[in-house]
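Undergrad: sharing a model that was predicted from the sequence below.
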Amino acid sequence: MSARGTLCVFAKAPVEGSVKTRLAPTLGDARAAGLSRAFLLDTWALATRFDAAHAVLALTGDAAALPALTPRPEIRDQGEGDLGARMERVLSCALSDGAPWAMVVSTDLPGLPASRLAAAARALDEGAPAVLGPTDDGGFYLLGVSRCPPGLLSGLPWSTLSTSRRTLERLRERGLEARVLDGWYDIDEPQDLERLRRDLRTRCIRAPHTARALREAAPRLSVILPVLDEEARIGRRLDELAAMPGIDEIVVVDGGSRDRSQEIVTAHPASQLRLVSAPRGRARQMNAGARAARGSVLLFLHADSQLPLDAVHWVERTLAAPDTVAGAFRTWHVADTEPGRRAPWLHLADLRSRLSRTPYGDQALFVRRNVFESLGGFAPVELMEDLELSRRLRRAGRIRIAPASVKVSGRRFLAHPLRDTLIVNAFPLLYRIGVPPALLARAYRNTR
């Protein structure tokens, strides 16, 4: 049986504010650090189950910040210098201790299949001078060598699309012809989390600590519903939202309903449901709901609009990019009853949501709470509060439209299809050229 090699788990102490900094703008420093700790726990569990090598923890940073690792690790200091210098130092140290080969593996790839480690060890045991496992972003997740000549990794470009290629060239220059393993992916950017969630959900990979941390790191989503005399719809809407996984809170803001709306909300069994009151007016009601909500993401939903079943997935995916401050859905207007001869007009109301990049309120606008608060919320105007906020959001960052549709009641549009088509297209222009929202609101109410 071949002598055991050394597997060096290359890690950074998970100190809040210093790890996973490209994820922090989306998750926050605390949740990014929590995810980093989970990555380390899962990678260490993989490494210590690997019988072909003795696992050591190659650490930079304060060891006191480490989570409780089992078994307790043998810690080796990475030392000073760039990534190449530190990696070379750790590999040389392991080989000088008598290991026939040594390899380093990153903690940024929770769920790495054990088969990748086995393939690397097998290649080195069979006499391959080196092995390298490339990542999708041009780097590598594993590097193993049977010898480590001085300067092997110095001066290489790190965190670039050419890192793995240049590393292979350097190994070859030093007489270490590398065997290339199957590729894998690491977790650096917010969009990488989507693939990780999918693979964990479909059981393609197993990383229990990471799965738990991802659930905790997901944005807490609050749905805010402004209502006024909506007894015919509010119960059905609450049933849909309560059954939707990932919605942490439903805040209904009543603007003084004279029907049974408040009674229906109060009697609803949903545990995440809250009822608050506010002066009548959609902007005032939604601002009151935002103040009462606890979520880090706020989704504003009209009572006559139905979210898609996978709405939470699209909220998370849309906000995964750190430059995105808000998002919305497309609309798909549906008739509450048989539309009759006016049916062909119904989807004229949906053109705006497919052509415009400035979402309206019926598109179920969702926004990062910190951005919403920094902008002062909705302006206290009688109409166009959604357009006015969207314009300010565009100055703060990017707004993305999810490729999924909110079903919107076509009751008002079918009542006056031509006038409503004119209104939804002309009012934004009138607002932009300075027509007061109060005047537009009076004209809008006259069409109902």
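TA: Received it, and whenever you're ready, just let me know what you need.
Undergrad: how's this structure carved up into domains?
TA: Listed by automatic domain parsing, the domain ranges of the chain are 5-214, 219-446.
Undergrad: contacts only, for Ala13.
TA: Listed by Cβ atoms under 8 Å, 6 or more residues apart in numbering, the contact set of Ala13 reads Val19, Leu59, Thr60, Gly61, Asp62, Ala63, Ala65, Leu66. C-betas here are computed from N, CA, C, even on glycine.
Undergrad: also Thr210?
TA: Counting by Cβ under 8 Å, 6+ apart, Thr210 has contacts Leu35, Ala38, Phe39, Asp42, Pro110, Gly111, Leu196, Leu200.
Undergrad: with Arg258 instead?
TA: Asp229.
Undergrad: helix or strand: which one has it?
TA: Arg258 belongs to no helix or strand when assigned by DSSP states H and E.
Undergrad: so how far is Leu238 from it?
TA: 19 Å (Cβ to Cβ, to the nearest Å).
Undergrad: kindly report the same for Val252.
TA: Taking Cβ to Cβ, one finds Val252 at 8 Å from Leu238.
Undergrad: the more surrounded of those two?
TA: Val252 (29 against 21; other Cβ atoms under 10 Å).
Undergrad: what helices and strands are in contact with the helix or strand harbouring the more buried one?
TA: Per DSSP H and E: Val252 is located in strand 247-254. Applying 3 or more Cβ pairs under 8 Å, 6 or more residues apart in numbering; DSSP states H and E, one finds that strand 247-254 contacts strand 221-227, helix 234-242, helix 261-267, strand 273-277, helix 282-292.
Undergrad: Gly138: which of the ones you listed is closest?
TA: strand 221-227 (33.9 Å; Cβ to Cβ).
Undergrad: who are the packing partners of that closest one?
TA: helix 234-242, strand 247-254, helix 282-292, strand 297-300.
Undergrad: between the domains of the chain, which gets the lowest average pLDDT?
TA: Comparing mean pLDDT across the domains of the chain, the weakest is domain 219-446, with a mean of 83.
Undergrad: so how far is it off the chain centroid?
TA: Counting by Cα atoms, centre = their mean, to the nearest Å, domain 219-446 is centred 22 Å from the centre of its parent chain.
Undergrad: hmm, Leu241 and Glu249 touching each other?
TA: No: Glu249 sits out of contact with Leu241 when judged by Cβ atoms under 8 Å, with a separation of 9.8 Å.
Undergrad: mutual contacts of those two, please.
TA: With Cβ under 8 Å, 6+ apart, Glu249 and Leu241 have common neighbours Val223.
Undergrad: which of the two has more neighbours?
TA: Neighbour count, other Cβ under 10 Å: between Glu249 and Leu241, Leu241 has more, with 23 against 20.
Undergrad: ok, now how distant is the more buried one from Leu309?
TA: 11 Å.
Undergrad: with Ala45 instead?
TA: 35 Å.
Undergrad: higher neighbour count, these two?
TA: Ala45 (18 against 12).
Undergrad: buried ones in the host helix or strand of the more buried one?
TA: Per DSSP H and E: Ala45 is located in helix 29-48. Residues of helix 29-48 classed as buried by neighbour count (16 or more other Cβ atoms under 10 Å): 29, 31-48.
Undergrad: do stretch 268-283 as well
TA: His268, Leu273, Arg274, Leu275, Ala278, Gly281, Arg282, Ala283.
Undergrad: could you dump these to TSV with distance to Leu176?
TA: Below are the buried residues of stretch 268-283 laid out as TSV (distance: Cβ to Cβ, whole Å):
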residue	distance to Leu176
His268	67
Leu273	63
Arg274	63
Leu275	68
Ala278	69
Gly281	71
Arg282	67
Ala283	66
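Undergrad: can you tell me which of those residues is closest to Ala85?
TA: Arg274 (55.0 Å).
Undergrad: do you know how far the closest one is from Gly255?
TA: With Cβ to Cβ as the criterion, Arg274 and Gly255 are 15 Å apart.
Undergrad: isn't Arg166 up against Pro157?
TA: Yes: using Cβ under 8 Å, Arg166 is in contact with Pro157, at 5.9 Å.
Undergrad: what residues does stretch 154-171 touch?
TA: Under Cβ under 8 Å, 6+ apart, the answer for stretch 154-171 is 82-85, 88, 129-130, 132, 134-135, 137-140, 143, 145, 152-153, 177-178, 180.
Undergrad: ok, of those, which come out buried?
TA: For the contacts of stretch 154-171, buried by 16+ other Cβ under 10 Å: 83-85, 88, 129-130, 132, 134-135, 137, 139-140, 143, 145, 152-153, 178.
Undergrad: hang on, Gly256 is in a helix, isn't it?
TA: No: the assignment for Gly256 (DSSP: H, G, I helix; E, B strand; the rest coil) gives coil, which keeps it out of a helix.
Undergrad: what's around it, how many residues?
TA: The burial count for Gly256: 15, using other Cβ under 10 Å.
Undergrad: again, but for Asp136
TA: Asp136 - counted by other Cβ under 10 Å - has 12 other residues nearby.
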